[in-house]
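**Student:** What follows is a predicted protein model with its sequence.
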Amino acid sequence: MRKILSAFLILVGALSIGLISGKIVSDRQRAQIIKPDILTASSSGRNFVWGATVRPYILTNDNRPYNPNDLDRQFEIIKDLFPNGCVRANIEGDMAINDQLVKNKEKYGLRLYLILEEIKDFDQNINYEKSASDFAQKIVARYKGKVDYYQLSNELSGVVYAEPSEPGEKLDAGYGLVMNKNRYEHVRRYATTLSREIRRLDPNAKIVITGHWVLINPVLELIKDGVQADIIGWNWGTGMGEIPGVKNIDNYAMMDIPKMAKSKGKDFMIIEANSDDGSKGGKEKEQARYIKKLASNAYQSPNVSGYFHFLLTDAQPSQPGPDLGLVRLKKTATKTYGFGSNKIAYDVLKNLAAQNH
């Protein structure tokens, strides 16, 4: 659970840094304006992936130990939501939970997307090639042929991003932004080895590299420098707009990130989608309205091939994401939590997926 909290805090921090930096460098931007593709109605039978992120420890607290039934229930929810959909989850330190994720994939007839997040602090004391190779042997070799998608760590764009005032040598990140050269090299070495080993150990699994905000250039640079990927995945909140590729992001000129990915021969998926605050403050209708527009437009875009909601369920108040889910949690008399009722956005996505698959 600490792993998930750290990942979430990194996400929030990266987004916050991005918003601040957008204002700082707005007067220096030189973004190329790219004409977006016109949205067109997609034909029935398109191979579009619907999914959501689950968390095995979502009901676990000091008064309630982990229960494997909690993960089973989340698979049941996704099976109802997206009958042919995909479950997205972090690899956990407990291999028994990872084994359950894989077994449940077969049990419920769903696809499985695993986030291979192991290293968060990229520094010179780590043998990245050995670490990535060992990690792939531990996970990918164990589940060969059973996992549909592997994500390379988490939001690598945020790891390499640097503030202009940060010490150390910089690299161009596009749009007036910079990367830390030292961190970029560490990330490149690790992700190159990890992607190569995934391809060797499980050639049928798709490899996903992810980014956020306007930081598409660092992701494309990593691919150019040897990181193998089939799909570019993107975190997508309210500030990114309701139609992928047709909105100026913060103070930057309009950039069609899905089209940029496609131009490099990569599929593009929205892998963490939600309104920025979810249903916080009684904004359940607003959350549903944004999700309906974004998901509908994503499906109709010729450059988007998947939509994953972040997250499947709300969290306990002490955990990250207490209002981001499609399903509420309910408090019990024993100071524990259980799965509660569906939000409006749940039925919105369920109906969309049923009509567009």
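**Tutor:** Received, thanks.
**Student:** Could you report the separation of the nearest residue to residue 326 once chain neighbours are set aside from residue 353?
**Tutor:** Spatial nearest neighbour of residue 326, excluding adjacent residues (CB to CB, 6 or more residues apart in numbering): residue 346 at 4.2 Å. Every residue, glycine included, has its C-beta placed from N, CA and C. Residue 346 sits at a distance of 11 Å from residue 353 (criterion: CB to CB, to the nearest Å).
**Student:** cool, and residue 229?
**Tutor:** As judged by CB to CB, residue 229 and residue 353 stand 25 Å apart.
**Student:** Pick out whichever of the two has more residues nearby.
**Tutor:** residue 229 (23 against 20; other CB atoms under 10 Å).
**Student:** Any chance you could list residues touching both of residue 346 and residue 353?
**Tutor:** residue 81 (CB atoms under 8 Å, 6 or more residues apart in numbering).
**Student:** what helix or strand is the residue of the chain positioned farthest from its centre on?
**Tutor:** Computed with CA atoms, centre = their mean, the residue of the chain farthest from its C-alpha average is residue 333, at 34.4 Å. Assessed by DSSP states H and E, residue 333 sits outside every helix and strand.
**Student:** cool, and residue 223?
**Tutor:** Using DSSP H and E, residue 223 falls in helix 216-224.
**Student:** Who are the packing partners of that helix?
**Tutor:** Contact partners of helix 216-224 among helices and strands, from 3 or more CB pairs under 8 Å, 6 or more residues apart in numbering; DSSP states H and E: helix 156-160, strand 170-174, helix 181-201, strand 206-211, helix 257-263.
**Student:** Following that helix in sequence, what is the next regular element?
**Tutor:** Using DSSP H and E, the helix or strand that follows helix 216-224 in sequence is strand 231-236.
**Student:** Can you list the strands that that following strand pairs with?
**Tutor:** Next to strand 231-236 in the sheet, as set by DSSP bridges, lie strand 206-211 (parallel), strand 267-273 (parallel).
**Student:** Export these to JSON lines and append columns for mean neighbour count and mean pLDDT.
**Tutor:** What follows is the strands paired with strand 231-236, written out as JSON lines (neighbours: other CB atoms under 10 Å; pLDDT from 0 to 100):
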{"stretch": "strand 206-211", "mean neighbour count": "23", "mean pLDDT": "98"}
{"stretch": "strand 267-273", "mean neighbour count": "25", "mean pLDDT": "98"}
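**Student:** Select, out of these, the one closest to residue 237.
**Tutor:** Smallest distance to residue 237 across the strands paired with strand 231-236 (CB to CB): 7.9 Å, for strand 267-273.
**Student:** and the closest one, how far from the chain's centre?
**Tutor:** 7 Å (CA atoms, centre = their mean, to the nearest Å).
**Student:** quick one: the helices in this protein?
**Tutor:** 2-24, 68-81, 95-108, 128-139, 156-160, 181-201, 216-224, 257-263, 284-300, 344-355 (DSSP state H).
**Student:** What is the third one packed up against?
**Tutor:** Which is helix 95-108. Helix 95-108 packs on helix 68-81, strand 86-90, strand 111-116, going by 3+ CB pairs under 8 Å, 6+ apart.
**Student:** Mean neighbour count, mean pLDDT and distance to residue 177 added to the ones you listed, as CSV?
**Tutor:** Output for these, formatted as CSV (neighbours: other CB atoms under 10 Å; pLDDT from 0 to 100; distance: least, CB to CB, whole Å):
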stretch, mean neighbour count, mean pLDDT, distance to residue 177
helix 68-81, 18, 98, 36
strand 86-90, 24, 98, 27
strand 111-116, 24, 98, 25
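**Student:** Can I get those in a markdown table including distance to residue 203?
**Tutor:** Listed next are the helices and strands packed on helix 95-108 as a markdown table, based on distance: least, CB to CB, whole Å:
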| stretch | distance to residue 203 |
| --- | --- |
| helix 68-81 | 26 |
| strand 86-90 | 19 |
| strand 111-116 | 16 |
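**Student:** among the helices of the chain, which is nearest residue 318?
**Tutor:** Of all the helices of the chain, helix 2-24 sits nearest to residue 318, with 9.8 Å by CB to CB.
**Student:** What average pLDDT does that closest one get?
**Tutor:** The average pLDDT for helix 2-24 rounds to 39.
**Student:** residues touching the residue nearest to residue 338 when sequence neighbours are not counted, list them.
**Tutor:** Spatial nearest neighbour of residue 338, chain neighbours left out: residue 330 (5.4 Å); criterion: CB to CB, 6+ apart. Neighbouring residues of residue 330 by CB under 8 Å, 6+ apart: 337, 338, 339, 340, 341.
**Student:** Now do the last one: how many residues are near it, please.
**Tutor:** Number of residues near residue 341 (other CB under 10 Å) recorded here: 9.
**Student:** burial count for the nearest residue to it once chain neighbours are set aside?
**Tutor:** In space, and not counting its chain neighbours, residue 341 is closest to residue 328: 5.5 Å by CB to CB, 6+ apart. By other CB under 10 Å, the residues close to residue 328 number 17.
**Student:** Next: the one 4 residues further on.
**Tutor:** Using other CB under 10 Å, residue 332 has 12 other residues around it.
**Student:** quick one: the residue lying closest to it once chain neighbours are set aside and residue 278, what's the gap?
**Tutor:** Residue nearest to residue 332 in three dimensions, not counting chain neighbours: residue 338, with 5.9 Å by CB to CB, 6+ apart. Distance of residue 338 to residue 278, computed by CB to CB: 19 Å.
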